[in-house]
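# model this:
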Amino acid sequence: QWYQRRVRAVKVVKSASQYTETALDEIKLLTKVREGDHAHVGRNHVVQMMDDHKIVGIHGTHISMVFEVLGDNLLKLIIRSNYRGMDVALVKRITKQVLLGLDYLHTVCGIIHTDIKPENVMLTVNESVVKQWAAAGAQDDPKFRANLPKHLRERKQAPVKVEGLQKEGVKLTKNQKKKLKKK
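Purely as a prediction, here's the structure:
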C-alpha cells in the first residue's frame, strides 16, 4: 500500500472491553472520514486513519490504528507563546482550516464533532521534521547516535507547520514545563 513507504503514527488501545468498544466506534467514524469525498476542500483538514488492525498478545487483543503523523496541538502552541496570543493571520488561517474540516465532517461524513477545543486541533508537520523527531528519539541509543549525521545529533525543537506557515518552536522554561506536566 502507498502509505507503507512513509512514517506513520500508531495508536494501540488497551485490551479492556470498554476501551475496545470505544476504539471500534472511533474506527467506524474514521472510516467514514477516509472514504468520504476526496475532492472536498475540507478533507485535508481532518485527521486520516490509514489502517486499523488487531494485535493479539499475552494481555489480550488490542485494537491498533495507523495515522498520518501530526505535530503539537493548538494548546501547546498557545503555551509556547507564553499565553501572549498569536498573530492575527495565523489565527485566521487556523480558524479557516478548522471550519473547512468541520464542514467536511458534517456535510460529507454526517459527523458532528462535539469536542472542539485547542487540544483537539492538531498542527501538521512535514516528513523531514518527523524524521528528525525519530532520530532525536533514538539518540539515547549510543550505537544509533554514533551513526547519525552531526546536524541530527543535536537536540532541537522541531518547527511547527500550519498549512504553509512555518514557525520555529520556542523553548519552554522550567516553570512552563512543570505546568504542562500538571495538565
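# drop to CA atoms for contacts and neighbour counts, all remaining ones
OK.
# can you pull out the low-pLDDT segments for this structure?
Applying pLDDT under 70 to the chain flags residues 1-6, 135-183.
# tell me where it has helices.
Secondary structure of the chain (DSSP state H): helices located at 17-35, 74-80, 88-103, 127-137, 142-146, 150-153, 174-182.
# roughly how far apart are Ser128 and Val12?
With distances taken as C-alpha to C-alpha, to the nearest Å, Ser128 is found 24 Å from Val12.
# do Ala134 as well
Distance from Ala134 to Val12, by C-alpha to C-alpha: 18 Å.
# looking at those two now, which is surrounded by more residues?
When Ala134 and Val12 are compared for neighbours, Val12 comes out ahead with 16 against 12, by other C-alpha atoms under 10 Å.
# state the number of residues packed around the closest residue to that one other than its chain neighbours.
For Val12, ignoring the flanking residues on the chain, the nearest one in space by C-alpha to C-alpha, 6 or more residues apart in numbering is Ser64 at 4.4 Å. Ser64 is flanked by 20 other residues according to other C-alpha under 10 Å.
# can you check Leu105 too?
With neighbours defined by other C-alpha under 10 Å, the count for Leu105 comes to 22.
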